[in-house]
Every structure is written in structure tokens, then in C-alpha cells.
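*Asks:* only geometry, no sequence info:
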């Protein structure tokens, strides 16, 4: 790790592995974030969405059907 931290960084214990780390925001350290991305990332897939069909009890607006 680089010893010269930016002036707006925080030094704290990682909430996941309890190792001391210096990061800009509080949260898991870089190593833990990489492990989480590898473990929890999934592949993108296409999802088929059905076309909207109104319920049978829905009636058209009287103004819209007026000739």
C-alpha cells in the first residue's frame, strides 16, 4: 500500500477483515471489495418481458371512445 495517502482519506479497521486500511470512504478495504466482486458478480442475461394487457374489468374511457 502507498504510504502517501490523499489528505481526505481515513484510517480505520476494515469492517469485514479487521485489517487496518486507509481509504477515502468508510467500508471494506480494496482486497475485500475485490473478493466480494469476484464472489457476487453474475453474468448479464436478457429477460423477456410480457406485453402489457389490461385486466378484463378495465373499461375504456368514455371520452376517448366518443365519436
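*Replies:* Received, thanks. Because the structure is a prediction, the values reported are computed rather than measured.

*Asks:* chain neighbours aside, what residue packs nearest to residue 12?
*Replies:* residue 26 (6.1 Å; C-beta to C-beta, 6 or more residues apart in numbering). The way it works is simple: take the backbone N, C-alpha and C, and place the C-beta from them, glycine included.

*Asks:* give me the phi and psi angles of that neighbour.
*Replies:* The phi/psi pair for residue 26 (degrees, to the nearest 10) reads phi -70, psi 140.

*Asks:* now do the contacts for it.
*Replies:* Applying C-beta atoms under 8 Å, 6 or more residues apart in numbering, one finds that residue 26 lies in contact with 10, 12, 15.

*Asks:* per-residue confidence at it?
*Replies:* Residue 26 is assigned a predicted lDDT (pLDDT) of 94.

*Asks:* longest helix anywhere in the chain?
*Replies:* For the chain, the longest helix by residue count, based on DSSP state H, is helix 30-40.

*Asks:* stretch 36-46: end-to-end distance?
*Replies:* Stretch 36-46 has an end-to-end distance of 24 Å (criterion: C-alpha to C-alpha, to the nearest Å).

*Asks:* likewise for stretch 12-21?
*Replies:* 6 Å.

*Asks:* list the buried residues in that stretch.
*Replies:* For stretch 12-21, burial by neighbour count (16 or more other C-beta atoms under 10 Å) applies to 14, 21.

*Asks:* now do the strands in this structure.
*Replies:* 10-13, 20-23 (DSSP state E).

*Asks:* go ahead and confirm residue 8 touches residue 24.
*Replies:* Yes. Using C-beta atoms under 8 Å, residue 8 is in contact with residue 24, at 6.3 Å.
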